[in-house]
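Colleague: pasted the sequence and its predicted model underneath.
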Amino acid sequence: MNKKWIQSALSLAVLSVLVSTTQAQDANQVYSEAKLKSIVVTASGSEVDVKDAPASISVISNEDIERAPFNSIAELLSDLPGVTGGYSNSGSGSKIKLRGMPDKYTLILVDGKRLGNQSLLGHRPDRTEQDLDWITPDMIERIEVIRGSMSTLYGSEAVGGVINIITKKIPTQLSGSVTTNFSKPDTSRRGETKSFGATLAGPVTNTIGFRLGLNRTERDGDKDTEGSSGSTTDTATTRLTWAPSDRHSFNLDGSFGKDEPDVIEGGGSKFGYEMDRIGFGIGHEAKFENDLVTNVDLYHNKIQNKDDAWVKDDIVETKSSETVLDLKATKPLNVFNFKNDLTVGGQYKQEEVSNHSNIGNAAVDKDGNTLNNNDRKLDSYSWSLFLEDQIHLQENLILTLGGRLDEYETFDLNFSPRTYLVYHPTDDWTVKGGVSRSFRAPNLRERSDTSSTGSRGNGCNTFEGWSTAGSGRTCSMIGNPDLEPETSTNYEVSVGYEQNGAGLDMTYFLSDIEDLIQNRFHERRGDVFYAIASNVEKARTSGIEVNYKLPINDYFRVTGNTTYMLESKNKITGETLLGTPEITSNLALVWDVNDQLSLNSKVQYLGKQQLESGDSSRSFEKAYTTADIGANYNFTDHLTFRGGVKNVAGVKIESTSDGSSNPAEYYLGLTARF
């Protein structure tokens, strides 16, 4: 039977259930999502109700994660407003970008702590994976995503936003879970994906608790040359806590990860690298009688590339590491009869990186001087101090003021201020907006005069004389020790309405970036062309985000969002800053048929994407619309089944940079809890 007929029949079957009689509904079941108070921790220095959050924030709950066909965290994030990416298994299309900003402007955290940075360990950063999947999925409680600048709290890399993965707390009784997922494309030319996960957590004594999470994800490589390689990813995360009293708690964390690509001979191109990651840390939280809460976290992350194609361990190990000390104190105060939630903190960070492929191999420096004794290991330190105060001017009016000082070893002191206002004219309406300044410090490779990356023609074929230079021409992108941090001024304003679970909000955002770092032509020596990282450009991104949710009744609800990008351009050259669809729209429907069965469907529209800066080919040729359908069934309180079809119509997605023609994909999953 024709596959399209099978897909259509399955779609009609599920959709017919969605609109059929509700005789199986449980009259006692009430959809209470809108009535629950949602507390978030990423948008400010202290916990705050999501309605009072001084930022544009989206939350992916544990329930959302369990319902989804989970292959990667990027897939989960791709449905959020202002998000681009998560549509392919590897390459640039797999990376999450926020509000038209490249992925290097998005800071990724786990429980508020940095994860390290593997983008410095590949030959080119666009060919390394994003640091999203170094955690066992079953350990995730929720994911908080801030869209827009948060440099005041988090410093560099938070220009576009922050992704904070919040893990589950250790329970008071021993419990655990076992999860397996399987997905299969409807063509043998694409690889299958299998994942296995397990968690175990609980008390050891009255004061000591533990948590352990393990996960393996195996994706077979594609047989098509247009596709991508497979991979095997292993993660292990653990935590040990000690609470000697109600006012003091200590935690000891450890993690390990391994990501190894698997290439089929004659099949998909290799996008990934063989990466090993190890992390460990210690933390302390203290609660004092005067409501002062202090947090201290000291942690170390190391990521190492062991790929035989690029690594020369006999010369230098290809690895990056960071050691970070985070300090924070929060305290409510009463100043001139106004309630204040004050947060002060600081951070010290030590970074190191070595990479045989592109560090220490420059033949000449930016002034044309020959380099004979290059430094293959780079290191740097930075420190910061920050302060934030949420001032409750009225019961329905909160003003947030903040500022952060960042000092890097090679840069002048940088100050990032923020002002944000949240106003509730009624219980149902929210008006908020703010202005902030942010910055991104050039990474160690960008600001090193010994780094040189062979571009293989990408990004250099527009240089004058390139096409006629002959077959022996080469192109290198070199670092620049004279670089300054990129800075931006960011604006947003939002209006929202919510009543009885139904809601609508609209946000306008704009970011003006100064001293944008781009590779520009430096000089030509014979058939060798040199490009150098330079602060020569300005850029602007702006757009409108619309979010909505509508509970049709206690059992059936609709949610969705639309993002319209007004601008995402280099203001000097007119080049597109990022391959971003002009319009992105998501629509999701969930029907809780009864206490056991929940049905869901999703539709995503991505408009025609533009050229990425420095890329000679389009990321996507056309706009496209995909649809997914799925079901979750709770056999018992301890056993859940999920299944469905992604891209049910088999819509062809053409991508010249990340593989093409995503087929329909069938998935099954099972989670057992105890």
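Modeller: Yep, it's here.
Colleague: hey, what's the residue lying closest to residue 299 once chain neighbours are set aside bridged with?
Modeller: Nearest residue to residue 299, sequence neighbours excluded (Cβ to Cβ, 6 or more residues apart in numbering): residue 281, at 2.8 Å. Quick note: C-beta positions are derived from backbone N, CA and C, even for glycine. Here residue 281 shows beta-bridge partners residue 253, residue 299, assigned using DSSP bridges.
Colleague: mind listing what residue 281 touches?
Modeller: 113, 252-253, 297-300 (Cβ atoms under 8 Å, 6 or more residues apart in numbering).
Colleague: helix or strand: which one has residue 216?
Modeller: Taking DSSP states H and E as the definition, residue 216 sits inside strand 208-219.
Colleague: ignore the last one, residue 183
Modeller: strand 175-185.
Colleague: before we move on, back to that, so how far is the strand holding residue 216 off the chain centroid?
Modeller: 20 Å (Cα atoms, centre = their mean, to the nearest Å).
Colleague: each with direction, which strands does the strand holding residue 183 pair with?
Modeller: strand 193-203 (antiparallel), strand 665-673 (antiparallel).
Colleague: what's the distance between that strand and the middle of its chain?
Modeller: 22 Å.
Colleague: who's in contact with that strand?
Modeller: So strand 175-185 is in contact with 69-71, 137-138, 191-202, 646, 663-674, going by Cβ under 8 Å, 6+ apart.
Colleague: now which of these would you call buried?
Modeller: For the contacts of strand 175-185, a neighbour count by 16 or more other Cβ atoms under 10 Å gives the buried set as 69-71, 137-138, 191, 193, 195, 197-201, 646, 663-667, 669, 671.
Colleague: and for stretch 533-541, what's in contact with it?
Modeller: 99-101, 442, 446-447, 477-480, 483-484, 486, 509-520, 565, 567-573, 577.
Colleague: not counting its neighbours along the chain, what's nearest residue 559?
Modeller: residue 549 (4.4 Å).
Colleague: residues near that neighbour, how many?
Modeller: 18 (other Cβ atoms under 10 Å).
Colleague: centre of the chain to the helix or strand hosting it, how far?
Modeller: Using DSSP H and E, residue 549 maps to strand 528-551. Computed by Cα atoms, centre = their mean, the chain-centroid distance of strand 528-551 equals 16 Å.
Colleague: direction included, what does that strand pair against?
Modeller: Per DSSP bridges, strand 528-551 is paired in its sheet with strand 474-478 (parallel), strand 502-525 (antiparallel), strand 556-570 (antiparallel).
Colleague: export the second one as CSV, just CAs?
Modeller: Pointing back at strand 502-525 there. The C-alpha trace of strand 502-525 is given here as CSV (Å, rounded to 0.1, in the frame of the first residue of the first chain):
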residue,chain,number,x,y,z
ALA,A,502,-7.3,31.8,28.1
GLY,A,503,-4.6,34.3,27.1
LEU,A,504,-3.1,36.5,24.5
ASP,A,505,0.1,38.6,24.6
MET,A,506,2.1,40.5,22.1
THR,A,507,5.7,41.6,22.4
TYR,A,508,7.8,44.0,20.2
PHE,A,509,11.6,43.7,20.5
LEU,A,510,14.6,45.5,19.0
SER,A,511,18.3,45.1,19.5
ASP,A,512,21.0,47.4,18.1
ILE,A,513,24.4,45.8,18.0
GLU,A,514,27.6,47.8,18.0
ASP,A,515,31.1,46.6,17.1
LEU,A,516,29.7,43.4,15.4
ILE,A,517,32.6,40.9,14.9
GLN,A,518,32.8,39.7,11.3
ASN,A,519,35.5,38.1,9.2
ARG,A,520,36.6,40.7,6.6
PHE,A,521,39.3,40.6,3.9
HIS,A,522,42.7,41.5,5.3
GLU,A,523,45.3,40.8,2.7
ARG,A,524,46.4,38.5,-0.2
ARG,A,525,49.8,36.8,-0.4
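Colleague: how about it: buried residues?
Modeller: Buried residues in strand 502-525 (16+ other Cβ under 10 Å): 502-503, 505, 507-511, 513-519, 521-522, 524.
Colleague: what do you get for the last one?
Modeller: Neighbour counts using 16+ other Cβ under 10 Å place 556-557, 559-565, 567-570 of strand 556-570 among the buried residues.
Colleague: of all the strands paired with strand 528-551, which one is nearest residue 152?
Modeller: strand 502-525 (14.5 Å; Cβ to Cβ).
Colleague: how close does the residue of the chain most remote from its centre sit to residue 474?
Modeller: Ranked by distance from the centre of the chain (Cα atoms, centre = their mean), the top residue is residue 526, with 42.1 Å. Using Cβ to Cβ, to the nearest Å, residue 526 is found at 10 Å from residue 474.
Colleague: shared neighbours, the two?
Modeller: The overlap between the contact sets of residue 526 and residue 474 (Cβ under 8 Å, 6+ apart) is empty.
Colleague: ok, residue 561 touching residue 588?
Modeller: No - taking contacts as Cβ atoms under 8 Å, residue 561 lies outside contact range of residue 588: 9.4 Å.
Colleague: need the overlap of contacts for those two.
Modeller: residue 79.
Colleague: where does the stretch 101-250 of the chain dip in pLDDT?
Modeller: Scanning the stretch 101-250 of the chain for pLDDT under 70 picks out the ranges 126, 225-227.
Colleague: now the strands for it?
Modeller: Using DSSP state E, counting those that start in this stretch, the strands of the stretch 101-250 of the chain run over 106-110, 113-114, 140-147, 161-167, 175-185, 193-203, 208-219, 230-245, 248-262.
Colleague: please apply the same query to the stretch 551-674 of the chain.
Modeller: 556-570, 583-592, 597-606, 624-636, 639-646, 665-673.
Colleague: quick one: residues contacting residue 392.
Modeller: Residue 392 touches 338-341, 398, counting by Cβ under 8 Å, 6+ apart.
Colleague: which one of those is nearest to residue 55?
Modeller: residue 398 (12.2 Å).
Colleague: does that closest one touch residue 419 like I think?
Modeller: No - using Cβ under 8 Å, residue 398 makes no contact with residue 419, being 11.9 Å away.
Colleague: neighbour count: the two, which is higher?
Modeller: residue 398 (23 against 16).
Colleague: in three-state terms, label the more buried one for me.
Modeller: strand (DSSP: H, G, I helix; E, B strand; the rest coil).
Colleague: partners of it in the sheet?
Modeller: Going by DSSP bridges, residue 398 forms beta bridges with residue 392, residue 422.
Colleague: mind listing what it touches?
Modeller: Residue 398 touches 52, 54, 390-392, 421-423, counting by Cβ under 8 Å, 6+ apart.
Colleague: and it, what's its pLDDT?
Modeller: Turning to residue 398, the model gives it a pLDDT of 97.
Colleague: mind checking how far it is from residue 521?
Modeller: Taken as Cβ to Cβ, the span from residue 398 to residue 521 is 49 Å.
Colleague: sorry, back to before: Serialize the strands paired with strand 528-551 to JSON lines and add fields for distance to residue 121 and mean pLDDT.
Modeller: Formatted as JSON lines, those follow (distance: least, Cβ to Cβ, whole Å; pLDDT from 0 to 100):
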{"stretch": "strand 474-478", "distance to residue 121": "16", "mean pLDDT": "81"}
{"stretch": "strand 502-525", "distance to residue 121": "19", "mean pLDDT": "89"}
{"stretch": "strand 556-570", "distance to residue 121": "27", "mean pLDDT": "91"}
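Colleague: and the residue nearest to residue 287 when sequence neighbours are not counted, what are its phi and psi?
Modeller: Excluding the flanking residues, the one nearest residue 287 by Cβ to Cβ, 6+ apart is residue 247, at 4.7 Å. Phi and psi for residue 247, reported as degrees, to the nearest 10, are phi -100, psi -10.
Colleague: is it true that residue 247 touches residue 285?
Modeller: No - the pair residue 247 and residue 285 fails to qualify as a contact (Cβ under 8 Å) at a distance of 9.1 Å.
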